[in-house]
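Enquirer: model this:
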Amino acid sequence: MTAVDTGMAQALNAALRDALGADERVVVFGEDVGRLGGVFRVTDGLRDAFGDGRCFDTPVSEAGIAGLAVGMAMAGWRPVVEMQFDAFAYPAFEQITSHMAKMRNRTRGAVALPLVVRIPYGGGIGGVEHHSDSSEAYYAHTAGLKVVTPATAADAYSLLREAIDDPDPVIFLEPKRRYWTKEPLQLPLRTGSFGTAAVRRAGADATLVAYGPSVSVALEAADLAAAEGLDVEVLDLRTLVPLDDDALTASVRRTGRCLVVHEAQGFAGVGAEIAARVQERCFDALRAPVLRVTGFDIPYPPPLLEDAHLPGVRRVLDGLYRLLPASSRRARHTLAATGAPAAGRTFLLPDLGEGLAEAEVLEWRVAVGDPVEHDQAVAEVETAKSAVTLPSPFAGTVTALHCGAGDVVEVGAPLLTVQESAEASGSGAVLTGYGTSGRSGRQPSPCPAITTGTADAVDASNHPARATASATRIPLGPSADKFVRGHRDTPAVTIWADTDAGSLLAARTTLGTGLMALLAWACLDALAAFPELNSRVDADRQELVRHPQVHLGFAAQTDHGLVVPVVRNADRLSLDGLAAELRRLTGLARRGALPAEHRTGGTFTLNNYGGFDVDGATPILNHPQAAMIGVGRITDRPWVQNGRVEVRKVVNVSLTFDHRVCDGGTAAGFLRHVVAGLNGPA
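Expert: This is a model prediction of the structure:
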C-alpha cells in the first residue's frame, strides 16, 4: 500500500469511520456532526455511510450531550461526542467532572464508562472569544479522566482508535490549527499506546517538552537552534494523563536541561506540573533551572493579537538561549570553511508572502569571510511566484552559509550567519515587507525613545555640532507588524473615481445626519449588491469566506491617535440607527472607553481621510479584511456638466481590495454602486 498525504482532520475521520465499522456499539453525536459533518468536517460522510442511528445531530446543549453520553456508556454503548470548540465544553463541565470522571470510582469499578469527548482546542486560526482556549489543565487535574492530545496525523488516528477502545472516559483534545497539516500515511496504523511519549528529535544539550499544537513549534525552534550550535531533543508527550514519567525523566537526565512549551497560560498549567516532576526526579542531573514558555496569563486575546500571545519560535529560542550559555553554543558552532569558532546572528529565510512556504537559492552574492552592510543584497532566491533579492538585516562578517546554490529551503530555515561588528550590534535593521521584523511573541508595551551614544557618521571638523549628536531610536508601535502583514500577505489593488458631492451635502442637510453615516450607508448598500467584498481569504484552506453580517470598521481620530471602532451588524441598522451608533462609538473611542467587542472583528472598513485634508490615498488593508473604501476631502473643482464647465464640490472615492476575492470588473461595479449612492442616498 502506498502512503498518501493525509491531514489530521482526515486521519480523525478515518479513525471514526473504522471504529464505527469495527464495533456496532460505537456511536458518534454532537452539534452539526451529522448533516454538516462537523465545523471542521471531521465527521464528514459518517451519517451517509452508517445512518442517522450511528451518527446524529443533537440540540445545542453541551450538558445534554455529555449527560446522554454518560447514560449510553452505562448502557453498553461506546459514544464519541464532539464539542464544537474548546470553550463550548464548559457548560458540560459539571457532567464531565462530577459524573464521567467519578462513575467508575462511585461504583467501585463495577461500571466502566467507555466514552470519548472530542474537543478542538488551542489557537492559531483567528477565532474569536470562546473559540481558542487551551483547557487541558482543567481535565488533567480531574482524577478519573484520561487526557490525550495528538501532534501528528498518525497519532490522531491511532490515539483516537485507542480512546474509543478504552474502558474509561477520554478527553481527546485536537489541535485545530493542525487539522490541515498533511503527512504521508498508510492507514490503518497504530503508534505508541496511552502513557507513551515520543522523541520527535534526538538531542544532547537540552530537552524541549511539548504536546499538541506546540510540538511543531518546538521542532522548528530546535532546527533553528542547531544553526547556533545547540543540539535540542524534542519530547512529544502525546498523552497528559497518563503521563510518561519514564521518558520525561530519561530525556532530562540525558540532556541536563528542560524547557516546557504550551499554549495555555503558565500559571497552574500543565507545564508547572512537568517542571515539578522534573525537579523532583532529576534534581541532581539538572545544569539549569527548568523553564517554561507559555501563553500569557490573560483571557485569550482578539485574533489580531494572538500571534503575540501564542508561544512562537522566537520565544522558544529565547528560552533555549537562557538554558545554555552563549559561550557553550559558540564552542559547538564552527565555520564550514575554516573550522574556527563562529558566533553571531543567523538570518532566516523570511516569509515571502502569498502563502509561499519555500524558495530555491539561485545565487549567493557573498561568501564566508566577506564583510556585509545592512540591507546589502546577500542572495537571490526564487519562489513559485518570482525571483527575489534578499538584503541582509545584519552588518558584520559572514561566518557561515547554511545552504548552497540550488538548495530548496523552507521559510524560517537558516540562510547565513553574520558576526556583527561592535558598531553594528543592537542595530534595528529589518526587511520591511518580508516579515522579518522580529515577531518575538512578547506582549507589546509602550516604550520611551532610546537614544544611542553613537555619533552620526559626519566629518566632525566641518560639523562640530553633529559630532556629539545622538541617533534617536523609537520602538515600533504594536500596529506595525499588522501593517507589514497586511502589505505582505495581500495582493491589494486600489481603484478610484471622482464624484460630485453636491447630492451628498444636500442629503446631510435634508436628513439631518452626518456625512460619515451617509458614506457608511452607501457602502452597506453596495455590500448587499456585491457581497464578495465582505469577505476574507482563508489561505491555509485556499477558500474565500463570505461573512453573513457586516461588521463595519471606521476611522476615528482621537487625542491618542487613530482608532478604528467596529459597528457590529451594521447592515441591520437603519440610517438613523447607524448614525447614532457611529456617534456613540466615536465618543467612546475619544474617551478611551471603547469596549473590546467594538475594537476587533471588522469585516469591511470605511476610511475617511478627508479629515486630514487629503484628496486620496492607497491604504493598506485591515488584515484579514478584503476591502476598504477611502473618501478624500470635498473640494471646489472644475466639473463638466451638460457640456459646461462649472465649479462643483467634488470628492475622490477609492476602493482598495484583495484581488483574490474578485476581479476588476466586480470591484469597479462595487465602486460605481457606492458613488451612485453618494449621488442620491436614500
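Enquirer: got the end-to-end distance for stretch 120-131?
Expert: Start and end residues of stretch 120-131 are separated by 9 Å (C-alpha to C-alpha, to the nearest Å).
Enquirer: touching it from outside, list them.
Expert: Contacts to stretch 120-131, defined as C-beta atoms under 8 Å, 6 or more residues apart in numbering, come from residues 39-40, 83-88, 132-136, 149, 173-177, 179, 212-213, 263, 295, 299-300, 302-303, 306, 309-310, 601, 624. For glycine as for every other residue, the C-beta is placed from the backbone atoms N, C-alpha and C.
Enquirer: among the residues you listed, name the buried ones.
Expert: Among those, those buried by neighbour count (16 or more other C-beta atoms under 10 Å) are 39-40, 83-88, 132-136, 149, 173-177, 179, 212-213, 263, 295, 300, 302-303, 306, 309-310, 601, 624.
Enquirer: can you pull out the strands in the stretch 401-550 of the chain?
Expert: Ranges of strands within the stretch 401-550 of the chain are 408-410, 414-420, 450-451, 472-473, 492-500, 535-538, 543-546, based on DSSP state E, counting those that start in this stretch.
Enquirer: relative to residue 157, how far out is residue 122?
Expert: Remark: distance between residue 122 and residue 157 (C-beta to C-beta, to the nearest Å) = 19 Å.
Enquirer: so which helix or strand takes in the residue most central in space within the chain?
Expert: The centroid of the chain falls nearest to residue 124 when counting by C-alpha atoms, centre = their mean (3.7 Å). Per DSSP states H and E, residue 124 falls between elements, in no helix or strand.
Enquirer: what distance do you get for residue 347 to residue 409?
Expert: Distance, residue 347 to residue 409, by C-beta to C-beta: 12 Å.
Enquirer: revised request: answer the last question for residue 580.
Expert: Here residue 580 is placed at a distance of 55 Å from residue 409 (C-beta to C-beta).
Enquirer: and the two? Which one has more around it.
Expert: The neighbour count for residue 580 versus residue 409, taken as other C-beta atoms under 10 Å, is higher for residue 409 (17 against 14).
Enquirer: the more buried one: what's it in contact with?
Expert: Residue 409 touches 349, 358-361, 403, 415, counting by C-beta under 8 Å, 6+ apart.
Enquirer: let me have those residues in TSV, extended by pLDDT, secondary structure and neighbour count.
Expert: What follows is the contacts of residue 409, written out as TSV (pLDDT from 0 to 100; DSSP: H, G, I helix; E, B strand; the rest coil; neighbours: other C-beta atoms under 10 Å):
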residue	pLDDT	secondary structure	neighbour count
349	84	coil	23
358	77	strand	14
359	82	strand	26
360	84	strand	16
361	87	strand	21
403	87	coil	17
415	87	strand	24
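Enquirer: pLDDT weak spots in the chain?
Expert: The model of the chain has pLDDT under 70 over residues 1, 325-343, 351-356, 384-386, 421-473, 475-483, 485-486, 560, 611, 680-682.
Enquirer: need the longest strand for it.
Expert: strand 644-658 (DSSP state E).
Enquirer: tell me the buried residues in the helix or strand just after that strand?
Expert: Once the chain leaves strand 644-658, the next helix or strand it forms, by DSSP H and E, is helix 664-679. For helix 664-679, burial by neighbour count (16+ other C-beta under 10 Å) applies to 667, 670-671, 673-675, 677-678.
Enquirer: next: stretch 265-276.
Expert: Buried residues in stretch 265-276, counted by 16+ other C-beta under 10 Å: 265-266, 269-275.
Enquirer: can you show me the CA trace of that stretch as CSV?
Expert: Taking C-alpha atoms only, stretch 265-276 is exported to CSV below (Å, rounded to 0.1, in the frame of the first residue of the first chain):
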residue,chain,number,x,y,z
GLN,A,265,-1.4,30.3,30.3
GLY,A,266,1.6,29.5,32.5
PHE,A,267,0.0,29.8,36.0
ALA,A,268,-1.0,26.4,37.3
GLY,A,269,-0.7,24.9,33.8
VAL,A,270,0.5,21.5,32.7
GLY,A,271,4.0,23.0,32.3
ALA,A,272,4.1,23.7,36.1
GLU,A,273,3.4,20.0,36.8
ILE,A,274,6.0,18.9,34.4
ALA,A,275,8.6,21.3,35.9
ALA,A,276,7.8,20.0,39.4
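Enquirer: just the residues contacting it, thanks.
Expert: Outside stretch 265-276, the residues that touch it by C-beta under 8 Å, 6+ apart are 134, 136-137, 140, 209, 211, 240, 248, 258, 260-262, 264, 290, 292, 294-298.
Enquirer: and it, how far out from the chain middle?
Expert: Its chain's C-alpha centre and that of stretch 265-276 lie 23 Å apart, by C-alpha atoms, centre = their mean, to the nearest Å.
Enquirer: what residues of stretch 59-68 count as buried?
Expert: So, applying 16+ other C-beta under 10 Å, buried residues of stretch 59-68: 62, 65-68.
Enquirer: what of stretch 534-546?
Expert: Neighbour counts over stretch 534-546 (16+ other C-beta under 10 Å) mark 534-537 as buried.
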